[in-house]
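Enquirer: okay, here's the prediction I keep looking at, along with the sequence it came from:
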Amino acid sequence: MKAKLLEVYWHEKQPIYALCSDSVFRFASAGADNSIRVWTFSDSYQIVHLSSLHKHTKAVNSISFHPKGFPLVFANL
């Protein structure tokens, strides 16, 4: 069996430290570029960027959706 390395450049080639999802096919990513990004899947299962939050002064290393959807909770150290 052959495997191929998957590289994802969602955070300007910086490491992604956290991923979370909600119950309506949205997910969020947080990383070393000091930002949080929210994504969804299109009808053809492509990943679509919905929004970004770039106001952090440090890398974001923890994120979670509220159990009923938004708001998104996040933290950095």
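Expert: Yep, it's here. Numbers count the residues shown, from 1 in each chain.
Enquirer: from now on I want contacts and neighbour counts done on CA atoms only, so please keep to that.
Expert: Fine.
Enquirer: please name the nearest non-neighbouring residue to the most centrally placed residue in the chain.
Expert: Centroid-nearest residue in the chain, with C-alpha atoms, centre = their mean: Ser29, separated by 1.3 Å. Spatial nearest neighbour of Ser29, chain neighbours left out: Leu19 (4.6 Å); criterion: C-alpha to C-alpha, 6 or more residues apart in numbering.
Enquirer: what's near enough to touch the residue nearest to the centre of the chain?
Expert: Contact analysis of Ser29 by C-alpha atoms under 8 Å, 6 or more residues apart in numbering lists Ile16, Tyr17, Ala18, Leu19, Cys20, Ile36, Arg37, Val38, Ile63.
Enquirer: on that earlier part again, next, the buried residues of the one helix or strand the residue nearest to Ser29 maps to.
Expert: Assigned by DSSP states H and E, Leu19 belongs to strand 16-21. Judged by neighbour count (16 or more other C-alpha atoms under 10 Å), strand 16-21 contains these buried residues: Ile16, Ala18, Leu19, Ser21.
Enquirer: I am finished for the moment; much appreciated.
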